[in-house]
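Chemist: the sequence and its predicted three-dimensional model are supplied below.
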Amino acid sequence: MTTTEDPQTAPAVDPGPLIKLTIADCAAKVLHSAVTVGVFGALADDRPADSAELARRTGMHHRMAPDFLDALVGLGLLERTEGRYRNSPLAQTYLVPDSSSYLGGFVELTNETLYGTWGRLTEALRSGEPQHLDPDKGGFVGDRHKDPAKMKRFLAGLDAYSDRMGTELARCVDWGRHSSFVDLGGARGNLAAVLVQAHPHLEATCFDLERTRPLFTEHIGGLGLDDRVAFAGGDFFTDPIPSADVVVLGHILHGFHTGRRRELLGRVFEAVRPGGTVLVYDRMIDDDRSDPERLLSSLHMRLVSPDGSEYRVADCRAWLREAGFTDGIAEPLLGTHTLVTAHKEAA
């Protein structure tokens, strides 16, 4: 017997947010594909086009193009006027290849690294085991170092993000008080390059695994900064961290468990010169653990590493005090991260 639900007893809660959450990955895939097929580059230099022309420019099939392009309009990445498309200000600023603010490399990086791993979330929840393991890099690099070309593409994606991070750090930190810094886990030196270009009096050292040196040498040499940014190869926990006025730990502590974090910050304290500063940034969890984006980032670290996770701002400040630093101050960074700054007392 079929019954019809009484409208007066139907649930009063709108299921719309649940439906949107269920298909949230579809919007991300539209962005990833638009970068891959070159939509935003095809519309650069103020070259608007209708659907048919844009399909020809990018190699899209005419059957898929109209809905795909209008979806990009709905997502705020394209604008449409009388059937012709152009980049929105957001896309024009960050998604046109070869522009100084291009973030397409980071978009491609996340497409390559996230989907396979998150597709195994249910398995991870049941087993507790990481799903994409690399003990050197908290799982995010994976086996890319075995393929130099793939590793260079990967690091180019990271550079797209570190350009913005370096620009923000150059602005919000009082570098006039310091003459040198070490970027812990500095990869091929892009963050350091941004900082020394913004503050010419600074000298920088990237401290990373020795296998990164050839990539560093090529990148920094290409930028003409060989005399400003040096490379030191080694392991955070077994080799001496180079001494400097400032040590930067960006996306480092989230790769380790609490004991290792404390150990590393103790080693950093010894490396920071008296009167110097430590800068720690990550997608730290808010202290009441209510920000879903930060918690998803933490869950990602648990997916890709055996011990990693994000951590509360209060925890970071406590570990810094324990290591010997003072005046730990937290502030937002790029709207997605938190920067904690602390100091070592002068001798």
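Modeler: Yep, it's here.

Chemist: excluding chain neighbours, give the residue nearest to E270 in space.
Modeler: Counting by Cβ to Cβ, 6 or more residues apart in numbering, I241 is the residue found nearest to E270 once chain neighbours are left out, at 7.4 Å. Backbone N, C-alpha and C define where each C-beta goes, glycine included.

Chemist: could you do G234 as well?
Modeler: Nearest one to G234, counting by Cβ to Cβ, 6+ apart, is F207 at 6.4 Å.

Chemist: show me what contacts that neighbour?
Modeler: By Cβ atoms under 8 Å, 6 or more residues apart in numbering, the contact list for F207 reads V182, D183, L184, G185, G186, A232, G233, G234, F236, I241, P242.

Chemist: ok, now with 7 Å
Modeler: F207 sits next to V182, L184, G186, A232, G234, I241, P242 when contact means Cβ atoms under 7 Å, 6 or more residues apart in numbering.

Chemist: V268 too?
Modeler: Per Cβ under 7 Å, 6+ apart, neighbours of V268: I241, V247, L249, V278.

Chemist: try 10 Å this time
Modeler: For V268, the contact set (Cβ atoms under 10 Å, 6 or more residues apart in numbering) comprises 182, 184, 236, 241, 247-249, 252, 278, 280, 320, 323-325, 344.

Chemist: check R177 too.
Modeler: D245, V246, G275, G276, T277, H343.

Chemist: tell me how far it lies from G276.
Modeler: Here the criterion is Cβ to Cβ, to the nearest Å. By it, R177 lies 9 Å from G276.

Chemist: find residues that contact each of those two.
Modeler: Residues touching both R177 and G276 (Cβ under 10 Å, 6+ apart): D245, V246, H343.

Chemist: reformat those as JSON lines; add pLDDT and neighbour count.
Modeler: Converted to JSON lines, the shared contacts of R177 and G276 look like this (pLDDT from 0 to 100; neighbours: other Cβ atoms under 10 Å):
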{"residue": "D245", "pLDDT": "98", "neighbour count": "20"}
{"residue": "V246", "pLDDT": "98", "neighbour count": "24"}
{"residue": "H343", "pLDDT": "97", "neighbour count": "18"}
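
Chemist: in strands, which of those residues fall?
Modeler: Among these, DSSP state E puts D245, V246, H343 in strands.

Chemist: how near is the last one to D174?
Modeler: So that's H343. Separation of H343 from D174 (Cβ to Cβ) stands at 11 Å.

Chemist: got any residues that touch both of the two?
Modeler: Residues touching both H343 and D174 (Cβ under 10 Å, 6+ apart) are T277.

Chemist: you'd agree the residue nearest to E270 is in a helix?
Modeler: No: assessed with DSSP: H, G, I helix; E, B strand; the rest coil, I241 is coil; it does not lie in a helix.

Chemist: what sits against it?
Modeler: 182, 184, 205, 207, 232, 234, 247, 264, 267-272.

Chemist: rewinding a little: quick one: which of the contacts of R177 is nearest to V73?
Modeler: Here the nearest of the contacts of R177 to V73, counting by Cβ to Cβ, is V246; it sits at 44.4 Å.

Chemist: now do the SS call for the spatially closest residue to the closest one that is not a sequence neighbour.
Modeler: Distances taken as Cβ to Cβ, 6+ apart put F181 closest to V246, at 3.8 Å, once the chain neighbours are dropped. Following three-state DSSP, we place F181 in the strand state.

Chemist: F181 - how many residues pack around it?
Modeler: F181: 29 surrounding residues under other Cβ atoms under 10 Å.

Chemist: does it touch W175 like I think?
Modeler: Yes: between F181 and W175 a contact is recorded at 8.2 Å, counting by Cβ atoms under 10 Å.

Chemist: what is in contact with the two at once?
Modeler: Residues touching both F181 and W175 (Cβ under 10 Å, 6+ apart) are L169, L195, V196, H199, L202, D245, V246, T277.

Chemist: need the ones in strands among the shared contacts of R177 and G276 in CSV (columns: distance to L43).
Modeler: Listed next are these as CSV, based on distance: Cβ to Cβ, whole Å:
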residue, distance to L43
D245, 45
V246, 41
H343, 48
